[in-house]
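*Asks:* structure of the sequence below:
(4 chains)
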There are 4 protein chains.
Amino acid sequence: MSPEIPSDHSEAQAGNLSEIRIQVRYSETDAMKFVYYANYLIYFEVARTSALAELGHPYWEMEKRNVLIPVLESHCEYLKPGRYGDSLTIRTRRWRKGSARIRFEYRVLRNGEVLAIGHTEHAFMHPEGRAIRPPKEIIGLFPPWEK
Amino acid sequence: MSPEIPSDHSEAQAGNLSEIRIQVRYSETDAMKFVYYANYLIYFEVARTSALAELGHPYWEMEKRNVLIPVLESHCEYLKPGRYGDSLTIRTRRWRKGSARIRFEYRVLRNGEVLAIGHTEHAFMHPEGRAIRPPKEIIGLFPPWEK
Amino acid sequence: MSPEIPSDHSEAQAGNLSEIRIQVRYSETDAMKFVYYANYLIYFEVARTSALAELGHPYWEMEKRNVLIPVLESHCEYLKPGRYGDSLTIRTRRWRKGSARIRFEYRVLRNGEVLAIGHTEHAFMHPEGRAIRPPKEIIGLFPPWEK
Amino acid sequence: MSPEIPSDHSEAQAGNLSEIRIQVRYSETDAMKFVYYANYLIYFEVARTSALAELGHPYWEMEKRNVLIPVLESHCEYLKPGRYGDSLTIRTRRWRKGSARIRFEYRVLRNGEVLAIGHTEHAFMHPEGRAIRPPKEIIGLFPPWEK
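*Replies:* As a prediction, the model looks like this:
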């Protein structure tokens, strides 16, 4: 359906897939009775936090070691609306672009139906604000990006 | 109407009243088409930020001088719902309780009609987490609380 | 520790306790590195949603049957700050006040330590805005409030 | 600096520019002390709401006439972080893509420095969920998109 995330069962992608479940909160809905569009970016954050934790590098540990990954770019396409109480699945893939930039690709599903597709890209930064080289044990977990 | 905030035109309270206007954002509504209840606490934050700035002590300046005022307590009564696009007025009064605790009282109005009434109470804290004595020039701006 | 919520193991309260776990999202933190104070009201919403679902009356089902429970009052005391990545437990008790008002009491814990204590009170409303009598099968699940 | 929004003083674009000011709220910051990335999408919403209102078609009026404009796509590039208390300017341009899709382009500035650049695209929808033809008096206000 989208060129952005390859078929989930691709042999080539084995291991590069994290999955979480999120139940839509009332606070996340809007007067249209839909999930407000900015909240998908929050779901993306929860999904990449979970992906990093699964890989043994929870973001709160990275922060303690002075490795921050601020967002450089976000993108989301909204195909169908989410609603209060929905149990959503977020599937996340991760990629490396060059030596110092990472990319997460997300797919939000409800009962197998795709509601939204998006991505974020991130740099590596010291808490004082300067760019840093990503730690090898982290960048090593991100395969090179295949567009 | 409420015992919490004395009549706005009381001679005794002259000077202890700040007022701001906020237009309800779509992001702040929920599936009931009302302003989601937690967002009134955000309006309260905007109102006390404005009150402090008017008094010559913007909170972002206080933070740079290592004076934080974390919230100890919040309370809100919801009388009528706010809706998308509403132009709300927030009236704020400030009080001192003892030597190290301050209290803000808020009234949210739409065209003179009260939608919500609330308060917050705050301590004074150093960024490292320990309680501090409030700076005199700040605590001096808070009259003793009259319940 | 608090008079608001009786000891969890009280015989008298058997059955009147719901418990959920929430992991703090980055979006929920603020520049103090604490969970922003309004977000506890969102945790309370998630907790009462879960309590109602456990009792067989998910709020999204109630809404479909034209039974809304808007918030009349919220209150929260902040004892210790929550932080990014914290795994929080929210314990919820429910009460009936008179024939048409319900009350939820919440306790937010991290590793057994209480971070926040609060409550919300709610009315019963038709989607068109008029007060309604609570359905018997719902109000029957709320024991009379013992202050 | 960006190909997305032409120079503000271009003769050709006269009239296709709305501008608002937003002060960063504490609730909008995160533990990195930056404006949390999803909140730029909220600023975009405030900016397009204001643009529509300036043109004589406030979105809350459109909703009453059963014209909704759900978001199909959002995109944001984050160049420099916003911080608590910052006074941001959001500049918005509007475009029509084909006969039934509109596009808003946004630029977030602080003292003339660009912090973020983004866009959103929207369809026209009836509250019951079906696509509708945009009202002429609205679509007529959106010039054809020049990439």
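
*Asks:* for chain B, see how far away residue A:50 is.
*Replies:* Note on residue A:50: its distance to chain B, by C-beta to the nearest C-beta, to the nearest Å, is 24 Å. In this view, the C-beta of every residue, glycine as well, is placed from N, C-alpha and C.

*Asks:* longest helix anywhere in chain A?
*Replies:* If you go by DSSP state H, chain A has its longest helix at helix A:39-54.

*Asks:* so, low pLDDT: which residues of chain A?
*Replies:* Across chain A, the ranges flagged by pLDDT under 70 are A:1-14.

*Asks:* picking that back up, and the longest helix of chain A, what does it pack against?
*Replies:* Counting contacts by 3 or more C-beta pairs under 8 Å, 6 or more residues apart in numbering or on different chains; DSSP states H and E, helix A:39-54 packs against strand A:18-23, helix A:59-64, strand A:71-78, strand A:87-97, strand A:101-110, strand A:113-122.

*Asks:* who's in contact with it?
*Replies:* Applying C-beta atoms under 8 Å, 6 or more residues apart in numbering or on different chains, the contact partners of helix A:39-54 are A:18, A:20, A:22, A:28, A:58-59, A:62, A:74, A:76, A:78, A:88, A:90-92, A:94, A:104, A:106, A:108, A:116, A:118, A:120, C:25-27, C:85, D:37-38, D:41.

*Asks:* 7 Å instead, please
*Replies:* By C-beta atoms under 7 Å, 6 or more residues apart in numbering or on different chains, the surrounding residues in contact with helix A:39-54 are A:18, A:20, A:22, A:28, A:58-59, A:74, A:76, A:88, A:90, A:92, A:94, A:104, A:106, A:108, A:116, A:118, A:120, C:25-27, D:37-38, D:41.

*Asks:* kindly report the residues of chain A close to chain B.
*Replies:* Those residues of chain A that sit near chain B, judged by C-beta under 7 Å from any C-beta of the partner chain, are A:26, A:27, A:29, A:30, A:31, A:33, A:36, A:38, A:84.

*Asks:* for these, could you give me CSV that also reports neighbour count and secondary structure?
*Replies:* Listed next are those as CSV, based on neighbours: other C-beta atoms under 10 Å in any protein chain shown; DSSP: H, G, I helix; E, B strand; the rest coil:
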residue, neighbour count, secondary structure
A:26, 21, helix
A:27, 22, helix
A:29, 25, strand
A:30, 23, coil
A:31, 23, coil
A:33, 16, coil
A:36, 26, coil
A:38, 26, coil
A:84, 22, coil
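
*Asks:* residue D:130: which of these is nearest?
*Replies:* residue A:33 (15.2 Å; C-beta to C-beta).

*Asks:* next up, the contacts around the closest one.
*Replies:* A:83, B:31.

*Asks:* ok, 8 Å please
*Replies:* So residue A:33 contacts A:81, A:83, A:84, B:31 (C-beta under 8 Å, 6+ apart).

*Asks:* filtering those residues by proximity to chain C, which remain?
*Replies:* Residues shared between those and the neighbourhood of chain C are A:83, A:84, B:31 [C-beta under 8 Å from any C-beta of the partner chain].

*Asks:* so how far is residue C:63 from the last one?
*Replies:* Using C-beta to C-beta, to the nearest Å, one obtains 8 Å as the distance from residue B:31 to residue C:63.

*Asks:* any residues in contact with both of those two?
*Replies:* Contacts common to residue B:31 and residue C:63, judged by C-beta under 8 Å, 6+ apart, are residue A:84.

*Asks:* show me the contacts for residue A:16.
*Replies:* A:93, A:94, A:143.

*Asks:* what residues does chain A have near chain C?
*Replies:* A:25-27, A:42, A:45-46, A:49, A:58-60, A:63, A:83-85.

*Asks:* which two from these end up farthest apart in space?
*Replies:* Across those (C-beta to C-beta), the longest gap, 33.5 Å, separates A:63 and A:83.

*Asks:* before we move on, back to that, pull out the buried residues from the contacts of helix A:39-54.
*Replies:* A:18, A:20, A:22, A:28, A:58-59, A:74, A:76, A:88, A:90, A:92, A:94, A:104, A:106, A:108, A:116, A:118, A:120, C:25-27, D:37-38, D:41 (16 or more other C-beta atoms under 10 Å in any protein chain shown).

*Asks:* dump the residue contacts of the spatially most distant residue from the centre of chain A.
*Replies:* Centroid-distance maximum for chain A: residue A:31 at 26.3 Å, with C-alpha atoms, centre = their mean. Shown in contact with residue A:31 (C-beta under 8 Å, 6+ apart): B:26, B:29, B:30, B:31, B:33, B:83, B:84, D:63.

*Asks:* what sits closest to it if chain neighbours are left out?
*Replies:* Leaving out its chain neighbours, the residue that sits closest to residue A:31 by C-beta to C-beta, 6 or more residues apart in numbering or on different chains is residue B:29, at 3.9 Å.

*Asks:* bridged to the one you found, which residues?
*Replies:* Beta-bridge pairing for residue B:29 (DSSP bridges): residue B:35.

*Asks:* count of neighbours near the spatially closest residue to residue A:93 that is not a sequence neighbour?
*Replies:* Among residues not flanking residue A:93 along the chain, residue A:105 sits closest, at 4.7 Å (C-beta to C-beta, 6+ apart). By other C-beta atoms under 10 Å in any protein chain shown, the residues close to residue A:105 number 21.

*Asks:* same deal with residue A:113?
*Replies:* 9.

*Asks:* so it is in contact with residue A:80, correct?
*Replies:* Yes - assessed by C-beta atoms under 8 Å, residue A:113 is found in contact with residue A:80 at 6.6 Å.

*Asks:* picking up where we left off before, which ones are touching the residue nearest to residue A:31?
*Replies:* Here residue B:29 is in contact with A:30, A:31, B:35, B:36, B:83, B:84 (C-beta under 8 Å, 6+ apart).

*Asks:* now, which of those sits nearest residue C:147?
*Replies:* residue B:36 (28.3 Å).

*Asks:* can you tell me which residues contact the closest one?
*Replies:* Residue B:36 touches A:26, A:27, B:28, B:29, B:30, counting by C-beta under 8 Å, 6+ apart.

*Asks:* if you set the cut-off to 10 Å instead, what comes out?
*Replies:* Residue B:36 sits next to A:25-30, A:36, B:27-30, B:42, B:82, C:38, C:41-42, C:45, C:71 when contact means C-beta atoms under 10 Å, 6 or more residues apart in numbering or on different chains.

*Asks:* residue A:134 now?
*Replies:* A:67, A:69, A:96, A:99, A:100, A:101, A:102, A:122, A:123, A:124, A:140, A:142.

*Asks:* that older thread, and the residue nearest to residue A:31, how far from residue B:82?
*Replies:* Between residue B:29 and residue B:82 the computed distance is 9 Å (C-beta to C-beta).

*Asks:* repeat that for residue A:32.
*Replies:* For residue A:32, the distance to residue B:82 - C-beta to C-beta - is 17 Å.

*Asks:* repeat for residue A:55
*Replies:* 43 Å.

*Asks:* so these two - more neighbours on which side?
*Replies:* residue B:82 (22 against 16).
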